[in-house]
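[1] what would the 3D arrangement of this be:
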Amino acid sequence: MAEVEFIFWESIKALALMFMALLALKSAAHWTAQERGRDPRRAGTIRILLYTLVAILVALGAYPIGVAIAAEIYDRASLSNLRDGQLPRAYANAARAVAMRPAQLGYWQTLARVKLAGRQYESLLEDEPAFRALSHGQLDEDDEVHFGFCHLLLGHYEQAAATGNDLIRKDRLNPLAYLLAGAAYTDSKNYSEAERVFLAFLQFVPTQTDAVVGLAHAYFLEGHAARAEAVLDATAKYPFPPEARRRFEALKALYAQ
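    As a prediction, this is how the structure comes out:
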């Protein structure tokens, strides 16, 4: 739907530009025809100047349309490259789209996805001021999650936990917010807070696989292997997919060693 809307509006702009150019050319031709009988040389000079002016104005009007279309093509090519696992191409195309239309948040978001896939966490954090400026200080939840996980993966646990908790306050059912805060607390060895976060989310959604694993892992790292196994055993009364069951069994075997 967004692609159709983009094509529609850019086509309307192009058609309007061509229509205005035709009107301008027709007006210029009519005016110079009237002047030709009075002073042919002067009329010829004015006609050239008018046609040149119309060509310049059309070019100036067509340029932003061309830039918008080119940026959109680069952005869509980047997403296609990303799906195909072609990270260098995905990055190059996303960077071109941002360079051509730096005021479009959507192109920065595509670049963020590419940087996350390429583990360019520091580079993505350097883009945060641009995101905040284009979002008028109110980041989209997905963007905030991305920055939070960058902090987590770079070992900035306090910042990652703060981001996760802020997201929880905004949306109590956002699983990524709980996973971010819980993982930050676990990695910083604040196991009691990690347990609190994971348990809080599992009260809402007891079948969230990563939250179950996070809680069990926090117990295990704290030295409570039996409690970790009990968390995994408790999943028997809930409907989990087969791949989650296999994951739980592998963890139980690890904890039993």
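
[2] low-confidence ranges in the stretch 51-200 of the chain?
    Across the stretch 51-200 of the chain, the ranges flagged by pLDDT under 70 are 51-67, 69.

[3] helices along that one, start to end?
    For the stretch 51-200 of the chain, the helices defined by DSSP state H, counting those that start in this stretch occupy 87-100, 105-117, 121-126, 128-134, 141-153, 157-170, 175-187, 191-204.

[4] quick one: distance of the fourth one to the chain centre.
    Remark: helix 128-134 is offset 12 Å from the chain centroid, using C-alpha atoms, centre = their mean, to the nearest Å.

[5] counting contacts, what elements does that helix pack onto?
    Here helix 128-134 is seen to pack against helix 105-117, helix 141-153 when contacts are counted using 3 or more C-beta pairs under 8 Å, 6 or more residues apart in numbering; DSSP states H and E. Where C-beta positions appear, they are placed from N, C-alpha and C, glycine not excepted.

[6] same thing with the first one?
    Secondary-structure packing of helix 87-100 (3+ C-beta pairs under 8 Å, 6+ apart): helix 40-83, helix 105-117.

[7] a markdown table for the helices of the stretch 51-200 of the chain, including mean neighbour count and distance to residue 68?
    Output for those, formatted as a markdown table (neighbours: other C-beta atoms under 10 Å; distance: least, C-beta to C-beta, whole Å):
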| stretch | mean neighbour count | distance to residue 68 |
| --- | --- | --- |
| helix 87-100 | 19 | 8 |
| helix 105-117 | 20 | 11 |
| helix 121-126 | 16 | 25 |
| helix 128-134 | 15 | 16 |
| helix 141-153 | 20 | 22 |
| helix 157-170 | 18 | 33 |
| helix 175-187 | 24 | 32 |
| helix 191-204 | 18 | 42 |
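
[8] of those helices, which is nearest residue 227?
    helix 191-204 (9.2 Å; C-beta to C-beta).

[9] about what we covered before: dump the helices of the stretch 51-200 of the chain into a markdown table; add distance to residue 253 as well.
    Below are these laid out as a markdown table (distance: least, C-beta to C-beta, whole Å):
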| stretch | distance to residue 253 |
| --- | --- |
| helix 87-100 | 35 |
| helix 105-117 | 31 |
| helix 121-126 | 32 |
| helix 128-134 | 41 |
| helix 141-153 | 27 |
| helix 157-170 | 29 |
| helix 175-187 | 21 |
| helix 191-204 | 21 |
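
[10] out of these, which gets nearest to residue 211?
    helix 191-204 (5.0 Å).

[11] quick check: closest non-adjacent residue to the most centrally placed residue in the chain.
    In the chain, the C-alpha nearest the mean C-alpha coordinate belongs to residue 109, at 2.5 Å (C-alpha atoms, centre = their mean). What sits nearest to residue 109 in space, not counting adjacent residues and going by C-beta to C-beta, 6 or more residues apart in numbering, is residue 143, at 6.7 Å.

[12] give the contact list for the one you found.
    Contacts for residue 143 (C-beta atoms under 8 Å, 6 or more residues apart in numbering) come out as 109, 112, 131, 135.

[13] ok, now with 10 Å
    105, 108, 109, 112, 124, 127, 128, 131, 132, 134, 135 (C-beta atoms under 10 Å, 6 or more residues apart in numbering).

[14] just residue 239 next, same as before
    Counting by C-beta under 10 Å, 6+ apart, residue 239 has contacts 206, 207.

[15] show me the domain layout of this protein.
    1-117, 172-257 (automatic domain parsing).

[16] picking that back up, hmm, the residue nearest to the centre of the chain is touching residue 131, no?
    Yes: look at residue 109 against residue 131 with C-beta atoms under 10 Å: they come within range, at 8.2 Å.

[17] overlap in contacts, the two.
    140, 143, 146.

[18] how many residues are close by the first one?
    Each residue near residue 140 was counted by other C-beta atoms under 10 Å, and the total is 13.

[19] phi, psi for it please.
    Dihedral pair for residue 140: phi -60, psi 140, per degrees, to the nearest 10.
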